[in-house]
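Sequence and predicted model, in that order:
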Amino acid sequence: MRAVLELLDGAMRLAGRNERGQLTYFDADPSVGGNDTAARPLEVFLQAMMACTAMDVLSIVRKKRKTVTAFRLTADAERASEHPRVFRRIHLRYELTSPDATEQDLQRAIELSQSTYCSASIMVRRSGCEITWEAHLLRPTASDSPVASGDVHGR
């Protein structure tokens, strides 16, 4: 993997470019010289970790030939108050809408992601961060609005 990061202005706005030319923008809070025009680096880091585990879960559920009609992942993260301000705790809330997946399908997909496949989550956990999760399986209704059918809680 290779990436390039460049300063875009006289403040703190940065653009990262990956090998395929795709851009990610970053900025900082005005209190530290930024203009607050883009996400902060650790916000992107958290979202990247979420995308990693989400892709695992979706792939695993689909490999079981289950239908995914919607998916949502929410994270609540707590950082250390002193520098380095690393993540201390992250709680993930997975919401899968499927007419045929089971709670066991969803729970197993999350467990496999968190223990084996999601490099980002595993790297964060190895740094000392506690990652917990909860899983919610939703069923689509005739009007296409999900109705909760059950909850599964993880570590």
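Structure's in. What do you need?

Okay, and the most centrally placed residue in the chain sits in which element?
The residue lying closest to the centre of the chain (Cα atoms, centre = their mean) is Met50, at 1.0 Å. In this assignment (DSSP states H and E), Met50 forms part of helix 41-63.

could you give me the average pLDDT of the following helix or strand past that helix?
Next helix or strand after helix 41-63 toward the C-terminus (DSSP H and E): strand 70-79. Here strand 70-79 scores 98 as its mean pLDDT.

that older thread, quick one: the helix holding Met50 to chain centroid distance?
The chain centroid and the centroid of helix 41-63 are separated by 5 Å, computed with Cα atoms, centre = their mean, to the nearest Å.

same thing with stretch 60-76?
13 Å.

still on that earlier bit, could you give me the buried positions within the helix holding Met50?
The neighbour-count check on helix 41-63 (16 or more other Cβ atoms under 10 Å) flags 46, 49-50, 52-54, 56-58, 60-61 as buried. Quick note: C-beta positions are derived from backbone N, CA and C, even for glycine.
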